[in-house]
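> Need the 3D shape of this:
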Amino acid sequence: MQDELHSMRVAPKRSDVSDDRPMSFEEKQALCASIQTLPVEHLNMIVNIIQQGMPQSQQDDEIEIDIDAMPPTMLRAIERYIEEVGKKKGADEAGKD
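Residues are numbered from 1 along each chain as shown. Alright, predicted model coming up:
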């Protein structure tokens, strides 16, 4: 999981989008909605991304996320992870046909 996190930070999948490009309000809303629909097994990776970017959030069992306080690089890392999960899910579903 750590290797996955490191590769997401080092090499953005979409070279046309800057990793530190601020997210619009609509993008943040979509990101929040995507996080809420993730299967439980993928939430640990989201927590790891947040904890690495905001170490003070490691103190509690629960994490309250202020998405507006998160740096764009962290938001983009979460966005890329969710996109990867979606691609894998789509490939898995296509293989079942």
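> Show me what the longest helix seen in the chain is packed against.
For the chain, the longest helix by residue count, based on DSSP state H, is helix 72-96. On a contact count with 3 or more CB pairs under 8 Å, 6 or more residues apart in numbering; DSSP states H and E, helix 72-96 meets helix 2-10, helix 25-37, helix 40-53. Any C-beta I mention is one placed from the backbone N, CA and C, and that applies to glycine too.
> The ones you listed: which one's closest to Ile82?
helix 25-37 (4.8 Å; CB to CB).
> The closest one versus helix 40-53: what angle between them?
130 degrees (axes from the mean of the first three to the mean of the last three CA atoms, to 10 degrees).
> contacts for helix 25-37?
Contacts to helix 25-37, defined as CB atoms under 8 Å, 6 or more residues apart in numbering, come from residues Met23, Leu43, Ile46, Ile67, Asp68, Leu75, Ile78, Glu79, Ile82.
> Give the buried residues for stretch 33-52.
Neighbour counts over stretch 33-52 (16 or more other CB atoms under 10 Å) mark Ser34, Ile35, His42, Met45, Ile46, Asn48, Ile49, Ile50, Gln52 as buried.
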